[in-house]
Each structure stands twice: as structure tokens, then as C-alpha cells.
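[1] okay, here's the prediction I keep looking at, along with the sequence it came from:
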Amino acid sequence: MQKFDAIRPFYDAEINESILNVIHHPMMKSLMNFTFPEMPDEEWKERLTKTHSIRDFQCNFIYHTLLKVLEKSSDGLTTSGFEKLEKGESYLFISNHRDILLDTTLLNVALFEHGLVMTASAIGDNLVKKDFLNTLAKLNRNFLVKRGLTPREMLGSSKTLSEYIGHLLTHESRSVWIAQREGRTKDGNDATNPGVLKMVGMGSDETNLMDYFKKIKVVPVSISYEYDPTDVLKIPQILAEANNEVYIKEKNEDFMTLLSGVMGQKKRIHIQIGDVLDTEIDEIKEGFSNSNKQIQALAQVIDDSIIKNYKLWPTNYIAYDILNKTSTYSDLYTEDEKSLFERRLEMRIDAENPVALQGLLDMYANPVVNKLKDTNEPKS
């Protein structure tokens, strides 16, 4: 299994030594003081020194960190659909992607609370360039997706990544989380990049690609935040693209976005699990013989599920009505909620800049538009 060493998380045998290497790091102190504000430093250090597995680290430390994040920066997490999943079974969760860290860690909170197999989760290596963050990611069962590669390097990297995902699902009975596309959705349009599915399919050991996707049990996941804590941080890229400019990230931008996502105000959050794709995959297999068309059809099925199960909040309806100068959904939000949303707009962007205003409103309004397209219903 050495071919996976460059991307895999730690093995349990490596956990204790890795923790001891970072236990005195100032960021570990900050993390533990945030998680256990009443606990003396020596106590959490002693607990860490007795930690010898990823599960212990996740359940005894990271889970409590996430509960504290939810307490301080949200009005709570709700979930639905987890009863469709079987205990002890592994699944490939393909999720819409709004926040760098929380999309996957909140899913794992829900899986843990439902007694289900937690995931190994894909993370871009650009996010863990700092040694401490790289160690923390590996302690939390993240595996690395290499970024910024040449086309030839990308092919080899994708092959290794796909084989590792297949190995986790079929040999280790470990669930896997991947985003439906590279990078967070900037405009509220949750769409699966077929290239992501092609990459997963490179690990297939089946004659027909759809047999492989059926075997690894694909589950679409919809996660929605009432307020996107990183909404305003997405505006510079939207402005650059509107001017046909290449967007270049600031130094440490990814890290600052990560922090903003964790600690920024989110209000309510909802995760809904879609159906395990089964008969849908059978229909794709029967309907298309060409693997590219099969992949396109599978991407569409995943999109349909994510959009259908996406929880719409008052903020989505308010943005839709502001953008379209209507009161179509006024019965689904209060005047206080609308005033709060408008104040947030004024505080976070230059409302005189029409592109910035449109960009921020689109982020919240497009999920309504997409659900209307998907259901052909006047309201949802």
C-alpha cells in the first residue's frame, strides 16, 4: 500500500507519535482551549498522549470541537435521511460544496451520532501546506487531492486517487466523502463535474462502469446553510470573472476562508441524505452503452437529488424576491428576517457595485431557481 503514502491519512499505529509531535504547538493549544475552555492544559495534554487511533481522536476531541463551533456560530444542525443508511456499511457520499471544512466534518458529526461509519474525506493539498494543518488533516482521516499539476501529472494523480478511494470503500469498508466539483460553489448553482465521476471511475474493477458505481453505493448529500459564512469572500473571484480577468488568490486566502467558514455566523444548517443510487444506475446502464454518456447521466441523477433535497431557508426566498423585484415568497419569511438580510448585504459588500450585489444575491437565490426548474412547482 506504499503507493498511497503521499495522500493517505495516518494509520492508527502512527497516531500517537504524530500527536506527540504537535501537542505543544500553539495552534493545538488554541484548538483545545476553544474546545474545552474549562479544562486545564495539562489535562487535555494527558488525554491526547493516551490517544492511539483516529476514531479516538475524532470522537474524544474533534466531535466536541464541532459541537462548540455549532454552539458559537450557528442556531443548530438538523438532519434527515440517515435512516436510509445501514450500520457497518460503507458509502461514497457525493456532496454539494459550500464550505471548505464544515461540509465534511458536519456530515461526520451526523454519521457519528447515528452510529454509522464515518468517512475518509478528500481535501485539496493547497489547504494543508502548513505542517500543523497537514498533521491535523491526517489525524482527522483526510486524504489529499493534489492541486496545480501538469496534465501528465494530473493523470497519474487521478489514477492513484481513484484506486485509493476504491480501496477504502471495498477493502477497508470505510465510507468516503468527496465534493461534486473542485472548489466551493460560488454562485449557488450546485452542479456535479463529470470529471470528478470519471476520476472515481478510474478505480473500477468492473467491465461496465455502472456496475462499479453500484457496488460502491453512491449517496448524494445536500447541505445548506441559512447564512453562508464565506459568502463575501467569494465576491472578488466573481468580480474578476465579470471583468474577464484571471483570479489570483491572496497569500493565506485559503486559510482565512477556512477560519471564516468555521467561526462565521451560519444560523441554521441542514444536511439531507439522498437515496442510495441503485435502480437509477441500472437504468443508466440499460439506457447508455457509451461510458461518457453514462457518466453524464449519473452526474444529472446526482444533481437532481442534491437540488431536490436542498433545504431552502428564508434567506434564499428573500434574495429571490429582491433580485426579481417580487413578493412571490413573502409568506415564507418575516419582515425582520428581510431587514436582517438587507443589513447584512449593506455591511458585507459595496451595494453600489451592481456586480457584487448581483453576485451575493445569486448565491442565495439560485437554489430557489434550481428547485423551481427541478420540480416545476410554483413554491417548494
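    Cool, the structure landed. Since the structure is predicted, the reported quantities are computational estimates derived from the model, not experimental observations.
[2] check contacts around residue 262.
    69, 73, 101-102, 229 (CB atoms under 8 Å, 6 or more residues apart in numbering). Every residue, glycine included, has its C-beta placed from N, CA and C.
[3] now do the phi/psi pair for residue 267.
    Phi and psi for residue 267, reported as degrees, to the nearest 10, are phi 50, psi -130.
[4] ramachandran coordinates for the residue nearest to it when sequence neighbours are not counted?
    Nearest-residue entry for residue 267: residue 226, 3.7 Å, with adjacent residues in sequence omitted and distances by CB to CB, 6 or more residues apart in numbering. Backbone torsions for residue 226, taken as degrees, to the nearest 10, come to phi -60, psi -40.
[5] correct me, but residue 226 touches residue 312?
    No: look at residue 226 against residue 312 with CB atoms under 8 Å: they stay out of range, at 9.8 Å.
[6] what secondary structure does residue 223 sit in?
    Under the three-state scheme (DSSP: H, G, I helix; E, B strand; the rest coil), residue 223 adopts strand.
[7] just the strands in the stretch 51-200 of the chain please.
    74-80, 92-95, 119-124, 142-145, 175-179 (DSSP state E, counting those that start in this stretch).
[8] format the ones you listed as TSV; extra columns: mean pLDDT, mean neighbour count and distance to residue 188.
    Listed next are the strands of the stretch 51-200 of the chain as TSV, based on pLDDT from 0 to 100; neighbours: other CB atoms under 10 Å; distance: least, CB to CB, whole Å:
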stretch	mean pLDDT	mean neighbour count	distance to residue 188
strand 74-80	97	15	19
strand 92-95	98	25	15
strand 119-124	95	22	21
strand 142-145	96	22	23
strand 175-179	97	25	15
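[9] closest one to residue 319 among these?
    strand 74-80 (18.6 Å; CB to CB).
[10] what is that closest one packed up against?
    Using 3 or more CB pairs under 8 Å, 6 or more residues apart in numbering; DSSP states H and E, the elements in contact with strand 74-80 are helix 102-113, strand 267-273.
[11] which outside residues touch the first one?
    When contacts are taken as CB under 8 Å, 6+ apart, the neighbours of helix 102-113 outside the stretch itself are 58-59, 62-63, 66-67, 69, 77, 79, 82, 93, 95-97, 117-119, 121, 123, 140, 175, 177, 179, 221, 223, 261-262, 269, 271.
[12] quick one: which of the contacts of residue 262 is nearest residue 356?
    Distances from residue 356 to the contacts of residue 262, taken by CB to CB, are shortest for residue 229, at 17.5 Å.
[13] just checking, that closest one touches residue 261?
    Yes: with contact defined as CB under 8 Å, residue 229 reaches residue 261; the gap is 5.3 Å.
[14] common neighbours of the two, please.
    residue 99.
[15] what residues sit buried inside the helix-or-strand element of the chain with minimal mean pLDDT?
    When the helices and strands of the chain are scored by mean pLDDT, DSSP states H and E, helix 253-263 comes last with a mean of 75. Using 16 or more other CB atoms under 10 Å as the test for burial, helix 253-263 gives 254-255, 257-258, 260-262.
[16] stretch 301-308 too?
    Going by 16+ other CB under 10 Å, stretch 301-308 has these buried residues: 301-303, 305-308.
[17] dump the residues you listed to a markdown table, plus distance to residue 26.
    Converted to a markdown table, the buried residues of stretch 301-308 look like this (distance: CB to CB, whole Å):
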| residue | distance to residue 26 |
| --- | --- |
| 301 | 46 |
| 302 | 41 |
| 303 | 43 |
| 305 | 43 |
| 306 | 39 |
| 307 | 43 |
| 308 | 45 |
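[18] can I get the helices and strands packed on strand 74-80 in CSV with distance to residue 209, mean neighbour count and mean pLDDT?
    CSV is the format used below for the helices and strands packed on strand 74-80 (distance: least, CB to CB, whole Å; neighbours: other CB atoms under 10 Å; pLDDT from 0 to 100):
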stretch, distance to residue 209, mean neighbour count, mean pLDDT
helix 102-113, 25, 22, 96
strand 267-273, 24, 21, 97
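[19] biggest helix in this structure by residues?
    helix 354-375 (DSSP state H).
[20] roughly how far out does it sit from the chain middle?
    Between the centre of helix 354-375 and the centre of its chain there are 20 Å (CA atoms, centre = their mean, to the nearest Å).
[21] now what about it, what contacts it?
    With CB under 8 Å, 6+ apart, helix 354-375 has contacts from 186-190, 224, 228, 231-232, 234-235, 238-239, 242, 304, 307-308, 310, 312, 315-320, 322-324, 329, 345, 348-351, 378, 380.
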